[in-house]
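>>> could you work out the structure for the sequence below:
(one chain, ligands or ions: 2)
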Amino acid sequence: MTSLRLNTIKKIGILGGTFDPPHLGHLKLATHFAKVLHLDELLLIPSGEPWQKGTGLTNAETRLQLTEAAGVDLARAFQYLGIPTQIGVDRLEIDRAGPSYAIDTAKALRERFGPNSSMTWLMGVDSLLNLPTWNSWDQLLNYVNFAVASRPHYALSLEMNPQIEVLLTQHQSINADALEKSPFGRIYLDNSLSIDLSSTHLRNQLKSSARSEIASEQIPAHALEIITNLGLYK
Ligand SMILES: Nc1ncnc2c1ncn2[C@@H]1O[C@H](COP(=O)(O)OP(=O)(O)OP(=O)(O)O)[C@@H](O)[C@H]1O
Ligand SMILES: O=C(O)c1ccc[n+]([C@@H]2O[C@H](COP(=O)([O-])O)[C@@H](O)[C@H]2O)c1
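Ligands and ions are numbered 1, 2, ... in the order given. Have a look, this model is predicted:
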């Protein structure tokens, strides 16, 4: 009876990002955790006002459009790979006024999915290292789990501050299964990804003479089409 209940807990993955633009690093992160965490649903959530990213960002509606296009490519990849996870692109941060705080998003999604769903915020290790700068960061694990992927140029062991060390001591789970069974409060560190792509690097490439060399191994094809059609990042 217990195991039946555990198997029927709904498992939601949340991938928030500025997505300026979305790239294959985002899609591979999403694909990896959809498989590892057996996600029922994955939400891509473009940040409305990414308050730490400075000025000169692409406007939110265009980043949403790019994320929706990337979602189409991700859905195709899931179909090809036989991953049954449903993909949604959610505009809740864009529709909320003011700076986009993950804590507000986590609370809103907890209301939506109810107390028993397993909700996991997916992120690269750079986001975990930066976590103590987020608004009300120490409350986030009361609403979601964290699944954290390795990323080139960021080393947890070298850059970890004491606050993250304490957080890991209290919340880390060695097995991903723990997150499937916990609605919130667990952290899973995954060292198997090493995708050397970033939006910053791609924006720089799109501004340069190497613009035409960008391929769908870097930016998903449908998003790249919009970038080309709208002449973005020139
Ligand atoms: N190559 C990658 N490997 C692992 N995680 C990634 C990768 N790229 C992005 N992420 C994660 O995806 C989330 C959203 O990232 P974001 O949209 O800021 O992309 P970015 O490439 O980090 O952007 P920028 O270069 O503008 O800072 C973050 O949690 C980030 O850690
Ligand atoms: O809550 C915060 O204060 C906060 C500060 C920085 C980033 N975040 C969230 O972290 C996710 C990745 O952010 P970024 O800046 O790396 O694109 C995205 O969902 C952001 O809204 C959240």
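>>> can you give me the buried ones in whichever strand or helix holds residue 222?
For residue 222, the host element (DSSP states H and E) is helix 221-230. Going by neighbour count (16 or more other CB atoms under 10 Å), the buried part of helix 221-230 is 222-224, 226-227. C-beta coordinates here come from the backbone N, C-alpha and C atoms, glycine included.
>>> the helix or strand containing residue 126: what's the following helix or strand?
In this structure, residue 126 is located in helix 125-130 according to DSSP H and E. Note on helix 125-130: by DSSP H and E, the next helix or strand toward the C-terminus is strand 145-149.
>>> centre of the chain to that next one, how far?
9 Å (CA atoms, centre = their mean, to the nearest Å).
>>> and ligand 1, is it touching that?
Yes - Strand 145-149 reaches ligand 1 (CB under 6 Å from any ligand atom) through residue 149.
>>> that strand - what's its average pLDDT?
For strand 145-149, mean pLDDT rounds to 98.
>>> same for it, what does it pack against?
helix 24-36, strand 118-124, helix 125-130, strand 187-190 (3 or more CB pairs under 8 Å, 6 or more residues apart in numbering; DSSP states H and E).
>>> and the angle for that strand with helix 24-36?
Computed by axes from the mean of the first three to the mean of the last three CA atoms, to 10 degrees, the angle separating strand 145-149 from helix 24-36 equals 130 degrees.
>>> after strand 145-149, which helix or strand is next? Please name it.
helix 156-159.
>>> quick one: contacts of whichever helix or strand comes after that following helix?
Toward the C-terminus, helix 156-159 is succeeded by helix 162-171 as the next helix or strand (DSSP H and E). The contact list for helix 162-171 (CB atoms under 8 Å, 6 or more residues apart in numbering) reads 128-129, 131-132, 141, 146, 156, 185-187, 189.
>>> then stretch 103-120?
Applying CB under 8 Å, 6+ apart, the contact partners of stretch 103-120 are 9-14, 16, 33, 37, 39, 43, 45, 92-93, 96, 121, 134-137, 139-140, 143-147, 179-184.
>>> would you mind listing the buried residues in that stretch?
For stretch 103-120, by 16+ other CB under 10 Å, it's 103-107, 109-110, 113, 117-120.
>>> same check on stretch 119-134?
Of the residues in stretch 119-134, 119-131, 134 count as buried by neighbour count, 16+ other CB under 10 Å.
>>> I appreciate the help and will end here.
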